[in-house]
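Student: Below are the sequence and a predicted model for it; my questions follow.
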Amino acid sequence: MNKKLLLLLSLFFSLSTFSQKYDFQVIKEITCAEVIDQQNTGTCWSFSTTSFLEAEIIRTTGVKIDLSEMYNVRNIYLDKADNYVMRQGKTQFGEGGLNHDVINSARKYGLALQNDFSGKIKPDDKYDHSKMVSELEEILKKAVAETPAKYPNWKTDYKAVLDRYMGETEYVSPIVKEAVSTIYLINFDDYVTITSFTHEPVYSKFILNIPDNFSNGYFYNLSLDEFIQNIDYALDKGFTIALDSDVSESTFSGQFGIAVIPQNETDNKTILTEIKPEKMITPEYRQAEFENYNTMDDHLMHIIGKAKDQKGNLYYKVKNSWGTKSGRNGFVYMSVAYLKLKAISVLVHKDGLMSSTKKSLGL
């Protein structure tokens, strides 16, 4: 074989080594409900957590049910309104929320089936809350400006808007009415939110100051390595995870179903379709990106498994709520580097935590 041919073959194998299209092999997948679409609403937090609770019911009972995302949304809008008015408008009001808000709502109002409350006036309607949120906010601002004493019917007006856009809940019978359900084996007190930030002590329980944490939910703080170790442990033990993450990076692609952090910015486009080296994520870099607003809580999803590419790199299989036409049949493959940098927090059953972590957190 001549030198020229050897050189060409060497170049071919070199290029094929460094420029490979993604070929994912799922190595762990936990049963979950079908991918659905939140459409024109900012309610990913409910879709994420509702999917998580559906998976929990499957895990504990083997029963597959379709819970209503919008039942949680409508109920939480009531709590958001009280919070906004009593804080005299000095808090955020909008469509955003967090995983623990659904747990709080479920504990207070219960969970309902999709067939019992769709959150639509007509079955064929698409979800679109843009006008509804505007009208709700207008009522709240009026209540604050005039004071509730001078606008005593603000709650009635507010509820009427919810009824008009989402439907009434008076005749909905929740399937889970108590904090502990003996039928679906759900105890809402068993769910904890873990995170990793350096501005709070490791193993502390603190309120994370992010805009959507209107309910002042608590987070348990871990080192970054232990944070990731517990995510892996939970998945390996059959527990799914509700994820709060930043998806504003250009390397989070709903189109290609990939979420990665390239080592070199010049790879920002090619890494969406080809395997490229990724950045090493340190706790310090993660903290800095959070504090400079490059990492924000702008989307919540549901981790249901793990996969690897043909080079052995690990990814998390993440269920999104943008419909099956998005990503890879509605799923996103998120690299470890992306999760390390961009995951604000995760909600998990406390039995999905490592025993050493549970002990350190006093759970």
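Tutor: Thanks, I have the structure now. Residues are numbered from 1 along each chain as shown.

Student: Averaged over its residues, which helix or strand of the chain has the lowest pLDDT?
Tutor: For the chain, counting by mean pLDDT, DSSP states H and E, helix 3-18 ranks last in confidence among helices and strands (a mean of 47).

Student: residue ranges for the strands of the stretch 1-150 of the chain, please.
Tutor: If you assign secondary structure with DSSP state E, counting those that start in this stretch, the strands in the stretch 1-150 of the chain sit at 25-29.

Student: Run through it and note the low-pLDDT ranges.
Tutor: Scanning the stretch 1-150 of the chain for pLDDT under 70 picks out 1-19.

Student: what are the ranges of the helices in it?
Tutor: 3-18, 44-61, 69-86, 99-109, 130-146 (DSSP state H, counting those that start in this stretch).

Student: Ok, the stretch 251-363 of the chain next?
Tutor: 283-291, 336-342, 355-361.

Student: Now the first one: average pLDDT?
Tutor: Model confidence over helix 283-291, given as mean pLDDT, is 98.

Student: Just put the helices of the stretch 1-150 of the chain in a markdown table and tack on mean neighbour count and distance to residue 241.
Tutor: Quick note: C-beta positions are derived from backbone N, CA and C, even for glycine. Conversion of the helices of the stretch 1-150 of the chain to a markdown table gives the following (neighbours: other C-beta atoms under 10 Å; distance: least, C-beta to C-beta, whole Å):
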| stretch | mean neighbour count | distance to residue 241 |
| --- | --- | --- |
| helix 3-18 | 10 | 32 |
| helix 44-61 | 24 | 7 |
| helix 69-86 | 22 | 18 |
| helix 99-109 | 23 | 10 |
| helix 130-146 | 16 | 28 |
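
Student: closest one to residue 115 among these?
Tutor: Of all the helices of the stretch 1-150 of the chain, the one in closest proximity to residue 115, counting by C-beta to C-beta, is helix 69-86 (11.1 Å).

Student: Which strands and helices lie in contact with that closest one?
Tutor: For helix 69-86, the contact count by 3 or more C-beta pairs under 8 Å, 6 or more residues apart in numbering; DSSP states H and E identifies helix 44-61, helix 99-109, helix 130-146, helix 154-166 as packing neighbours.

Student: Distance from that helix to the middle of the chain?
Tutor: Helix 69-86 has its C-alpha centroid displaced from the chain centroid by 18 Å (C-alpha atoms, centre = their mean, to the nearest Å).
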